[in-house]
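Trainee: I would like to see how this sequence folds:
(4 chains)
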2 protein chains.
Amino acid sequence: MPTIQDVARQAGVGVGTVSRVINGSALVSESTRARVQVVIDELGYRPSTIARALSLGRSTTVAVIVPFFTQPSAVERLRGLADVINESDFDLVLFDVETPDQRDRRYEMAAHTDRAAGLVVVSLAVQPDVADRLGEAQVPVVFLDRRVVGIPHVFVDDVAGGEAATRHLIRLGHRRIAFVGDDNSVGFDFSSSVDRCAGYRLALARAGIPEREAFIRLGPASRREAHRLTGELLDLPGPPTAVFAASDLQAFGVIEAARDRGLSVPEDLSVMGFDDIDVSPYLGLSTVRQPLYQSGRRAAEMLLCLLSGDEEVPASVELPLEVVERRSTAPPASRITANTRPSPDSRDSIR
Amino acid sequence: MPTIQDVARQAGVGVGTVSRVINGSALVSESTRARVQVVIDELGYRPSTIARALSLGRSTTVAVIVPFFTQPSAVERLRGLADVINESDFDLVLFDVETPDQRDRRYEMAAHTDRAAGLVVVSLAVQPDVADRLGEAQVPVVFLDRRVVGIPHVFVDDVAGGEAATRHLIRLGHRRIAFVGDDNSVGFDFSSSVDRCAGYRLALARAGIPEREAFIRLGPASRREAHRLTGELLDLPGPPTAVFAASDLQAFGVIEAARDRGLSVPEDLSVMGFDDIDVSPYLGLSTVRQPLYQSGRRAAEMLLCLLSGDEEVPASVELPLEVVERRSTAPPASRITANTRPSPDSRDSIR
DNA sequence: CCAGAGCCTGGAACCCGTTCCAAGAGAGGC
DNA sequence: GCCTCTCTTGGAACGGGTTCCAGGCTCTGG
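Mentor: Model (predicted):
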């Protein structure tokens, strides 16, 4: 592999000149530039990224820390990030995080080494001490799907989204509305499920519907778990006529559970999701759409701004939410039908 | 940020000694090691990855080149890769590729720079000249989902898989079986759809079923496109009673198209996919399961072996396929029902 | 014709580890 | 007591870029 020395020797110039040619400095005469360029092409010379990084004191990689990146929503975000970062001179280094321990090691790494020029953190919380160290390390950081004071971030208003979803169900005529969400048992302290639940409560309160504790079911964020929790809900005396799930993935678990019991959606149970992942239109899920791909793009763009030393970086960017009505929600007309079935009492006793 | 010099000065030793302590060399006395370690901890010293990479002449990143990494199958593979690579001392650098032009630039980069210590290429073909240059560049490469002579690779037997899928449909009693696959219009020359089609033909030939050209429909690999192609199939005189799609994603498009026409699956149309992506069990799709996650793991393991200079790396690893029968395939009993409908002739004229 | 300014250019110093070589210290053998 | 051998250790060289400084050249104006 040829080095800058080889090029310099071959072209009969100094290494400084070659460096200037590579970096498009104006301080090179046209004739010299042409001569050096010919040699570069002849030798197939490419500067060593590593040597350059060492010399410049900064790396050319951007680290992205994503928990559970197999999740459809994470993938969409990642695609937005990748599109922007791959377009730039930086490389995208991917860190998947599946345990709090892993998360801490990633943060440790990010704060302590020169591995990455910048950092995008998706969904994860940040402990104050880690935030301090990130600040000390002078590594630009952008958070995505998480509000962090003092650090640039891209977010959606999950409370408002949760409220809108619930309001949609209320407007359809539902009063027995349950919530299936995330209990943060993995220890990541994700905020979105909590916030969406807060929105759910807010909507109920505003509509004057009393909250039923038994209607709020939390568990690990998975389809399977949502399935199980829905079973519990449907076993309740006076079961819900509608369920708002904290994510589309969980909503699918809810639908599945309803079907397993011979209930049809939306006739017997309305189901509302959150995210609008790519299979949701296909499956006819009513949901709250958040611009996942765009959120990735925006976060990456903000980070690149920070890296280029641009002062004009917004402190935060809020992206819009939108209720999308599809086939999984309908008025609770079914209750009339339901009442022609065995009375609620006998139904209870079946359980 | 402290450097190895700072540690050496503070500890009153030479830089060589500090380096030895860091790397666990045996040539350091216990007392010195302890003294140096204390200083390292005090200063919070972490060696610079970049300087180390420059000094060692190799980087600590592994590049993964994936086309369309949003595809569910690509995500599963990526997760396997990430799990193994993040466990090692290497970082995973992700390159998404969506156009042939991008692909070529990635290869260019991989062959020419020291950016990555090793390379995993997913699904993509490799032109002979690029293969040569990769060889010259001494960068270890593992291909995944693609057979390449002379380069280690992880693969499944797509021909056998396609044959098994088709045989499954034949065994159920189908004779009018169509194939919906990928026409490689993106210019990536993916092999899997072509191979699966070859398997489909093989199965027909072995069963003595004449091939109908009109039953083979190719288009861009997407749900939407498969939807459209299925429409064409169902418009044929003597339409198929079963469709084998080259991927689960395309199979969903087929199912969707059937439902749009009021046909039910599997009564009126059996549908078979390929991959067994994570939503497939949920949607009851019969398919050919390939171990996507495992394939990623194996490829990463092979690459790490190569990087550690291990001689014992297999030239290739073949992973098993398995037909998974779910709710989207059934005997073509519907044909009896179909015959009670308007006769085939009149049906044709409707079109 | 000369001074001064401006433009180019070469090359040394630097970034921060690793590694090899030389040398010092201590132990053991004779 | 001296020589060897082994165990440790310090430090210079090295990897491949970038950047700054000094110097050479040309050109201009007086």
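
Trainee: For chain A, which residue gets nearest to DNA strand C?
Mentor: Across chain A, the shortest distance to DNA strand C (C-beta to the nearest atom of the strand) belongs to A:Gly16, at 2.3 Å. For glycine as for every other residue, the C-beta is placed from the backbone atoms N, C-alpha and C.

Trainee: The helix or strand hosting that residue and DNA strand D in contact?
Mentor: Secondary-structure assignment from DSSP states H and E places A:Gly16 in helix A:15-22. Yes. Counting by C-beta under 7 Å from any atom of the strand, contacts between helix A:15-22 and DNA strand D involve A:15-16, A:19-20, A:22.

Trainee: From those, list the buried ones, please.
Mentor: A:19-20, A:22 (16 or more other C-beta atoms under 10 Å in any protein chain shown).

Trainee: These: which ones sit near chain B?
Mentor: Contacts with chain B within these, as defined by C-beta under 8 Å from any C-beta of the partner chain: none are present.

Trainee: which one of these sits closest to B:Ala26?
Mentor: Nearest to B:Ala26 among these, counting by C-beta to C-beta, is A:Ser19 at 41.0 Å.

Trainee: The closest one and B:Arg115: what is the separation?
Mentor: The gap separating A:Ser19 from B:Arg115 is 19 Å, by C-beta to C-beta, to the nearest Å.

Trainee: Tell me, please, where in the stretch 101-250 of chain A the pLDDT is lower than the cut-off.
Mentor: By pLDDT under 70, the low-scoring segments of the stretch 101-250 of chain A are A:112-114, A:137.

Trainee: Okay, and the spatially closest residue to A:Met109 that is not a sequence neighbour sits in which element?
Mentor: What sits nearest to A:Met109 in space, not counting adjacent residues and going by C-beta to C-beta, 6 or more residues apart in numbering or on different chains, is A:Arg115, at 6.3 Å. A:Arg115 is part of no helix or strand when elements are defined by DSSP H and E.

Trainee: Check the offset of stretch A:52-68 from the chain's centre.
Mentor: 20 Å (C-alpha atoms, centre = their mean, to the nearest Å).

Trainee: Only alpha carbons, please: show that stretch as PDB.
Mentor: The C-alpha coordinates for stretch A:52-68 follow below in PDB (Å, rounded to 0.1, in the frame of the first residue of the first chain):
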ATOM      1  CA  ARG A  52      -5.300  11.000   9.500                       C
ATOM      2  CA  ALA A  53      -7.500  10.500  12.500                       C
ATOM      3  CA  LEU A  54      -4.400  10.300  14.800                       C
ATOM      4  CA  SER A  55      -2.900  13.400  13.300                       C
ATOM      5  CA  LEU A  56      -6.100  15.400  13.400                       C
ATOM      6  CA  GLY A  57      -6.900  14.200  16.900                       C
ATOM      7  CA  ARG A  58     -10.400  13.100  15.900                       C
ATOM      8  CA  SER A  59     -11.800  10.000  14.500                       C
ATOM      9  CA  THR A  60     -14.100   9.800  11.400                       C
ATOM     10  CA  THR A  61     -16.700   7.600  13.000                       C
ATOM     11  CA  VAL A  62     -20.000   8.400  14.600                       C
ATOM     12  CA  ALA A  63     -21.200   5.900  17.200                       C
ATOM     13  CA  VAL A  64     -24.900   5.100  17.400                       C
ATOM     14  CA  ILE A  65     -26.100   3.400  20.500                       C
ATOM     15  CA  VAL A  66     -29.400   1.600  20.000                       C
ATOM     16  CA  PRO A  67     -31.200  -0.600  22.400                       C
ATOM     17  CA  PHE A  68     -32.800  -3.700  20.800                       C
END
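
Trainee: Confirm that A:Val317 sits in a strand.
Mentor: Yes. With DSSP: H, G, I helix; E, B strand; the rest coil as the criterion, A:Val317 is part of a strand.

Trainee: What distance do you get for the residue nearest the centre of chain A to B:Ser264?
Mentor: With distances taken as C-alpha atoms, centre = their mean, A:Ala74 lies nearest the centre of chain A, 4.8 Å away. Distance, A:Ala74 to B:Ser264, using C-beta to C-beta: 34 Å.

Trainee: what's the answer for A:Val39, then?
Mentor: A:Val39 sits 69 Å away from B:Ser264, going by C-beta to C-beta.

Trainee: Can you pick out the residue with more neighbours from the two?
Mentor: Neighbours per residue (other C-beta atoms under 10 Å in any protein chain shown) separate A:Val39 from B:Ser264, with A:Val39 holding more: 20 against 11.
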